[in-house]
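S.K.: I would like to see how this sequence folds:
(one chain, ligands or ions: 3)
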Amino acid sequence: MGECRVCTGPVNEFFDFGRQPLSDAFVRKEDFASEFFFRLAVGVCGSCSMVQLMNEVPREHMFHEDYPYLSSGSAVMRAHFERTAERFLATELNKPDPFIVELGCNDGAMLKAVADAGVRHLGVEPSGGVAQVAEAKGVRVRKTFFEESTALEVRAADGRADVIFAANTLCHIPYIGSVLRGVDTLLAPDGVFVFEDPYFAEIVRRTSFDQIYDEHFYFFTAQSVRAMAARHGFELVDVEPLPVHGGEIRYTLARAGSRRPTEAARELLREEVDAGLADLDTLRGFAARVEDIRDGLMSLLRDVRGQGGTVVGYGATAKSCTVTNYCGIGPELVPYVCDSTPAKQGRFMPGSHIPVREPAAFADPYPDYALLFAWNHAEEIMAKETAFKDAGGRWILYVPDVHVT
Ligand code: DWN
Ligand code: SAH
Ligand code: ZN
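M.R.: Ligands and ions are numbered 1, 2, ... in the order given. This next block holds a predicted model:
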């Protein structure tokens, strides 16, 4: 049993993936002997219902100069963040001298549109390489981890923020109490803290167990977010389901009593009570389905290879680290993975040591099957790879179950 990082309550473990490497540590041959491993297991707090990892990886191991993920690598995500910026500009930032802060701004996918509009902004981003990409787009960045002390520094330099935004970042931060105290410090009295992250109900519904890896420390629900917010004087005032990254929720927090909660927020909180997301039965069912997917995927891959078929991986995602290392997929089953991220190419996948190659390698020659690790971008990828299907190729997916299409 662990201690909840939000409320110190008892955390009951419901799945153990065993020894796992760092999901975004794309290694060179000379790094094979010194890879970092930790025990990846996930549990639920019996007091506040927050789903969380049982063990924490030191943040400097994950987020540093060479962090490879670029938000702008997907056209759908670029459009999503441009729309997000436009919405903020038209609503919360539509006042004299507004100020928006983004935690984990990465390559500036969202803040670029804010900078282009000439609106005061700041990205807080500890991964130096991706932060530099944002700066090259005209985005102002503070290259550090956001926590309580950062908030004091930013407030002293720039004043209070009307909006604090974080996409796929808050769930990455175990020391979340410090972040919420920082938000309290930095946010204007009538400001909003808006964050979007994978929705635990969707992870259970789709059995998307690959969302569980070192960087994803928390798996939010409206219930657990509400409880956490209340500890810091905030209230959950809105929720918006998002289709990106396999199903997320955008949560809006405001100071308690400052805004009326929307019907959508109240409705989702009610829905979750009936869904029993934190119940042992639900979590045991999830665990059983994860094992079934592992067994089904491994027998499919072995059958294909046994019959002389070829399989190539598509998208060297952080998520795929859990799939390859938990299921036991190595280069003998999947000889390489194609990915558009320059920093991943020429390197090897963490743990499994499957080589990562450039997208052009996919058609040279086309494999019989492509294992779609970037299943959350299926529509975008399948639309650009129609020639693969035309050539007789087939996609293997493992979300929400193992199937070939
Ligand atoms: O939460 C996180 C999300 C936002 O991003 C981070 N912890 C790390 C990362 O997770 P991921 O690597 O699982 O994210 P994606 O967006 O599923 O990664 C897609 C990968 O596929 C990237 O490496 C880029 C690549 N890709 C490609 O090769 N061709 C993507 C598209 C759309 C393509 O057409
Ligand atoms: N917002 C982007 C990036 C998500 S990846 C998107 O949605 O695509 C997670 C990002 O959070 C990384 O760029 C990482 O460097 C950053 N991050 C991790 N810990 C952080 C912290 N304490 N404060 C701010 N950013 C952090
Ligand atoms: Zn708790």
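S.K.: going forward, measure contacts and count neighbours with C-alpha atoms only.
M.R.: Will do.
S.K.: gap between Pro261 and Val273?
M.R.: According to CA to CA, to the nearest Å, Pro261 stands 18 Å off from Val273.
S.K.: neighbour count for these two, which is higher?
M.R.: Neighbour count, other CA atoms under 10 Å: between Pro261 and Val273, Pro261 has more, with 18 against 11.
S.K.: can you name the farthest residue from the center of this protein?
M.R.: Gln307 (36.0 Å; CA atoms, centre = their mean).
S.K.: retrieve the pLDDT associated with it.
M.R.: Looking at Gln307, its pLDDT is 97.
S.K.: next one: Val139
M.R.: Reported pLDDT for Val139: 99.
S.K.: then Met1?
M.R.: Note on Met1: pLDDT of 83.
S.K.: which parts of the stretch 1-150 of the chain sit against ligand 3?
M.R.: 4, 7, 9, 45, 48 (CA under 5 Å from the ion).
S.K.: bridged to Glu240, which residues?
M.R.: Note on Glu240: beta-bridge partners by DSSP bridges are Arg250.
S.K.: and it, what does it touch?
M.R.: Glu240 makes contacts with 249-251, 264, as judged by CA atoms under 8 Å, 6 or more residues apart in numbering.
S.K.: for Val239, same thing?
M.R.: 222, 249-252, 264-265, 268.
S.K.: quick one: end-to-end length of stretch 44-52, please.
M.R.: Stretch 44-52 end-to-end distance (CA to CA) = 6 Å.
S.K.: quick one, phi psi at Leu397?
M.R.: The phi and psi values for Leu397, taken as degrees, to the nearest 10, are phi -120, psi 150.
S.K.: hmm, His403 and it touching each other?
M.R.: Yes. Here Leu397 reaches His403: they are 5.4 Å apart, a contact under CA atoms under 8 Å.
S.K.: leaving out the residues flanking it, which one is nearest to Ser149?
M.R.: Leaving aside its sequence neighbours, Ser149 sits nearest to Gly182 (CA to CA, 6 or more residues apart in numbering; 7.1 Å).
S.K.: Gly46 now?
M.R.: With CA to CA, 6+ apart, the residue lying closest to Gly46 is Pro10, at 5.6 Å.
S.K.: just read off the phi/psi values of the one you found.
M.R.: Here is the backbone geometry of Pro10 (degrees, to the nearest 10): phi -80, psi 130.
S.K.: ok, the one 4 residues further on next?
M.R.: In terms of degrees, to the nearest 10, the main-chain angles of Phe14 are phi -120, psi -10.
S.K.: residues touching it, list them.
M.R.: Contacts for Phe14 were tallied using CA under 8 Å, 6+ apart; they are 41-44, 283-284, 287.
S.K.: picking that back up, in TSV: the residues of the stretch 1-150 of the chain next to ligand 3, plus secondary structure and pLDDT.
M.R.: Shown next, in TSV, are these (DSSP: H, G, I helix; E, B strand; the rest coil; pLDDT from 0 to 100):
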residue	secondary structure	pLDDT
Cys4	coil	98
Cys7	coil	98
Gly9	coil	98
Cys45	strand	98
Cys48	coil	97
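S.K.: closest one to ligand 1 out of those, please.
M.R.: Minimum distance to ligand 1 across these is 21.1 Å, recorded for Cys4 (CA to the nearest ligand atom).
S.K.: next one: the closest one from Ser49, what distance?
M.R.: Taken as CA to CA, the span from Cys4 to Ser49 is 9 Å.
S.K.: measure how buried Arg357 is and give me the count.
M.R.: The local packing of Arg357 (other CA under 10 Å) involves 24 other residues.
S.K.: er, Ala131 actually
M.R.: Ala131, neighbours per other CA under 10 Å, totals 27.
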